[in-house]
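**Student:** model the following, please.
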Amino acid sequence: MSSKLGAGRGNREAMGGSGTGRPLARWILAGMAPGMALGLGLGPGPIAAQPLPATGAGDVRRLERRWNELDRQIRALDELLPAEAAPLPAAGPDRAPLPEALLGPAEASAVPGPPQDSVPLPPLALPEAGDLRPGQLQALSLEQSLAIGFANSPGLQARRDAVAVALAELQSQMGTYWPRISAYAAGGTDQASTSFFSPTGTGTLFAPSNPFFIPPGGRGSLNTNANGVSGGLELRYELLDFARTPKARAALARLRGSRLDYADALRRLQLSLSESYYQLQRADQLVRIREAVVRNDLLILQDSLDLKQAGLVPRLDVLRRQAIEADGQEQLIAALAERAVARRRLAALLNLPPQLTPTASDPIRLQPRWPLDLEASLLASFRDNPELEALLATREALLRQKDAVAAELLPKLSLFASAGAGATNANNWNVRIADGGCCGTTVATSLNTYGTDWSVGLAVSWLLFDAGTTRGQARALERRGAAVAQQYAAQRNDIRLRIEQAFLGHEASLARLVAARRGVTASLEAFRDARLRYQAGLSSELDLSNTQERLIASLVQRLEATVNVNVTYAQLLRELLPMPTDPEATVPARLQWSP
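**Tutor:** Purely as a prediction, here's the structure:
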C-alpha cells in the first residue's frame, strides 16, 4: 500500500507540483463560511449551538493536510482497480460492444408458433455438448406456453404417475373380495440303493418251502428308480375379514387425494408459467427501454460535445454526460442478462429440447379487473379447493388405514378347497440275494401307481396377543390423522393470506398504473422541453439529467405496474381456476376466470 500511495503522490506532483493541493483547498475554502470550513474537517468541530470561532491560518493548513491525505488515499484506491484493455476515449459517443452471450439469437430470427419438435429429452438422458449451444429462438404466446407446459412438465407427469399408482392400489384392494384360485404342479425323480439282512429270520411263521420264508442270516439288495408327478387346483376365500373394507376405503381415499393433488399441480403450474411469461415480457420491455435510453444518451452526449466546441457549455457537462451514458450502458447489460435468465427459466418450466430458446411473442396486454370483491374471492377459494380437499382425502385414508390395522385383532374365517392327481413310476433292478435271503415280498421290476385327492374345509385365525404392536400402530395412524387436520387449518390460513395479498396487490397495481401513466406523460413532455432548452442554452445539463432520470423511472414504474397487474391476476387464478382431476382429460389454457 505504501508503494501505491507513493505512486499517487508522484502523479499529483507531476500534474501540478508539490503545492497542487493548496490552491485547490484554498479555492474550496474561499466559497465557504468560516464555520463551514471547519465543519468539513476530519477532526472534531464546534457545537452547532455555539458561535463559530474565526478561522486562522493554522486551521487552514490543517484542513489542507487532511484534504491532501484524502486525495492520496483516493488515488491509491483507484490504482488498485484492474487496468482496462483499452483506454476510454476522452470525448465522443463511442462505447464498448455488448457481450455476445447476453445478446443471444437475434429477435428477427425467432420462429413464430409452437415448435415443430417440442418433445423433451427422455427422463434419464443428459444433453450432449452440441445441444447446449445457442440454438433456435422460438416465439411463443402465453396460451402456447401453457399448452406445452401442461404436456411436457416433469412434475406434472410425476403427478399423473402417482394417480396411476393409486388406481392400481385400489384395484389390488378390490381383488380381495374375490376368491383366490391357484394351480400347483410338482414333478421329480430319485434313485435309491437298498440292502436288507435278517439275523434271526423273518419267515419262521412259514414253512421252508413257502416262498415268503426267509432263513436266518438271509441277505439281499436292489436298486430303485422312482419318477413322480402331481398337480391340482387350490381355492381360498376369505369369508370374514374385518380389515378388508377399511383397506379398500383407504385406497379409494388415496386415489381421490392423488387426483386432487394433480388438479392442484395444474393450478401451480399455471401460475409458474404465467409468472415466468410475464417476467419475460417485462425483461424484453426493459431491454427496449434501456436501449432507447442509451441511444438518447448518445445523442445528448453529441449535443454536449457540439455545445462545448461552440463554447456554450463547460467541460463538466461533457464529463457528466459521459458518465450518464456509461451508467445507461451498464443498465442495458444488466437488462440483457435478466432477459437471458428469464428465457432459460421459461424453457426449464416448458421442458423444451435443449436447442430451443423461448421468447414472448405476445405484447404486454393488461388483464381486466378481478370480477369479485375480496369476500367473494375468499369464499370461492375455499369452495372445492383441490389443495384443501386433498388434505381431507389424506386424513380419511389415514383413519381408514387405522381401522384396518385395528381389525387385525379380530377373527378371520376362510374357506379352502383343493383337488389334484398324481402318478409315480418305480423301477427295480440289480436284485441280489445271499445266504438264502429273499424273498419276503414280491419285487416287481417296474411298478406304476395313479391316484387323485381332494379336500375342503374352513379355517379360523385369531390374533390373541402381540404385545400391543397392533394397537400402537393404530394409535400412530390416529395421531397422523390429527396432524393432517392441523395442516388443513394452516393451509386454510395460507390460502386466505395468498388471496388477500393477490387481491390487494391487484387493486394497488391498477391504481399505480393510472398514476404511472400520468407520470410518463408529464415526464416525457418535461424531457422534451428540457432538451430543447439545453440545446438552446437556456437550461443546465443538471436539469436535463434530472428530467431524464425522472422519465426513465416513470417508464420503469409503468412497466412494473402493468406486469404486477397481470401477475396478481394469475395469482388469483391459481386459487380459483377450476382444473380437471382426471389426467386423461384435456386441460384448458384459460387465462380469465368468471364466476
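**Student:** what are the buried residues along stretch 159-178?
**Tutor:** Across stretch 159-178, burial judged by 16 or more other C-beta atoms under 10 Å covers Arg159, Ala162, Val163, Ala166, Leu167, Glu169, Leu170, Gln173. For every residue, glycine as well, the C-beta is placed using N, CA and C.
**Student:** now, which of the residues you listed lie within helices?
**Tutor:** Using DSSP state H, Arg159, Ala162, Val163, Ala166, Leu167, Glu169, Leu170, Gln173 are the members of the buried residues of stretch 159-178 that sit in helices.
**Student:** okay, these in TSV with distance to Ala421 and pLDDT next?
**Tutor:** Shown next, in TSV, are these (distance: C-beta to C-beta, whole Å; pLDDT from 0 to 100):
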residue	distance to Ala421	pLDDT
Arg159	52	95
Ala162	47	95
Val163	46	96
Ala166	43	95
Leu167	40	95
Glu169	38	94
Leu170	38	94
Gln173	35	92
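**Student:** export these as a markdown table, with columns for distance to Ser509.
**Tutor:** Output for those, formatted as a markdown table (distance: C-beta to C-beta, whole Å):
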| residue | distance to Ser509 |
| --- | --- |
| Arg159 | 32 |
| Ala162 | 36 |
| Val163 | 37 |
| Ala166 | 40 |
| Leu167 | 43 |
| Glu169 | 46 |
| Leu170 | 46 |
| Gln173 | 50 |
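**Student:** just name the closest of these to Arg558, please.
**Tutor:** Using C-beta to C-beta, Arg159 is the member of these that lies nearest Arg558, at 38.6 Å.
**Student:** ok, that closest one - contacts?
**Tutor:** Neighbour list for Arg159: Ser258, Asp261, Tyr262, Ala265, Pro583 [criterion: C-beta atoms under 8 Å, 6 or more residues apart in numbering].
**Student:** measure the second one to Gly149 for me?
**Tutor:** Spelled out, it's Asp261. Remark: distance between Asp261 and Gly149 (C-beta to C-beta, to the nearest Å) = 17 Å.
**Student:** could I get the buried residue list for the helix or strand hosting Glu69?
**Tutor:** For Glu69, the element it lies in under DSSP states H and E is helix 57-79. Applying a neighbour-count criterion of 16+ other C-beta under 10 Å, the buried positions in helix 57-79 are Asp59, Val60, Leu63, Glu64, Trp67, Asn68, Asp71, Arg72, Arg75, Ala76.
**Student:** Arg550: which of the buried residues of stretch 159-178 is nearest?
**Tutor:** The closest of those, once distances to Arg550 are taken by C-beta to C-beta, is Arg159, at 48.9 Å.
**Student:** gap between the closest one and Ala151?
**Tutor:** On the measure of C-beta to C-beta, Arg159 and Ala151 end up 13 Å apart.
**Student:** now do Leu260
**Tutor:** Distance from Leu260 to Ala151, by C-beta to C-beta: 21 Å.
**Student:** okay, the two: which has more neighbours?
**Tutor:** Higher neighbour count among Leu260 and Ala151: Leu260, with 24 against 15, using other C-beta atoms under 10 Å.
**Student:** flag the shaky bits of the stretch 1-150 of the chain, pLDDT-wise.
**Tutor:** 1-57, 74, 77-109 (pLDDT under 70).
**Student:** kindly apply the preceding question to the chain instead.
**Tutor:** Ranges of the chain meeting pLDDT under 70: 1-57, 74, 77-109, 200-206, 210-213, 435-442, 595.
**Student:** assign a three-state SS to the spatially most central residue of it, would you?
**Tutor:** Centroid check for the chain by C-alpha atoms, centre = their mean gives Gly155 as the closest residue, at 8.1 Å. What DSSP: H, G, I helix; E, B strand; the rest coil gives for Gly155 is helix.
**Student:** what does Gly451 give?
**Tutor:** The three-state assignment at Gly451 reads strand, by three-state DSSP.
**Student:** likewise Asn425?
**Tutor:** Taking three-state DSSP, the label given to Asn425 is strand.
**Student:** heads up, I number from 53, so please use that
**Tutor:** Right, with 53 as the first residue, what we last looked at is Asn477.
**Student:** quick one, what contacts it?
**Tutor:** So Asn477 contacts Ala278, Asn279, Gly280, Ser498, Leu499, Asn500, Thr501 (C-beta under 8 Å, 6+ apart).
**Student:** partners of it in the sheet?
**Tutor:** On the basis of DSSP bridges, Asn477 is bridged to Asn279, Asn500.
**Student:** for Pro410, see how far away it is.
**Tutor:** For Asn477 relative to Pro410 (C-beta to C-beta), the value is 76 Å.
**Student:** one more: Leu424?
**Tutor:** Distance, Leu424 to Pro410, by C-beta to C-beta: 32 Å.
**Student:** ok, these two, which is more surrounded?
**Tutor:** Shown here are Leu424 and Pro410; by other C-beta under 10 Å, Pro410 has more neighbours (26 against 18).
**Student:** how many neighbours does Ala560 have?
**Tutor:** Neighbour tally, Ala560, other C-beta under 10 Å: 14.
**Student:** okay, it and Leu359: tell me how far apart.
**Tutor:** 44 Å.
**Student:** repeat for Pro179
**Tutor:** 55 Å.
**Student:** one more: Ala588?
**Tutor:** On the measure of C-beta to C-beta, Ala588 and Leu359 end up 10 Å apart.
**Student:** the more surrounded of those two?
**Tutor:** Using other C-beta under 10 Å as the criterion, Ala588 and Leu359 rank with Leu359 on top: 19 against 10.
**Student:** and the more buried one, how close does it get to Leu594?
**Tutor:** 14 Å.
**Student:** ok, now Gly309?
**Tutor:** Distance from Gly309 to Leu594, by C-beta to C-beta: 65 Å.
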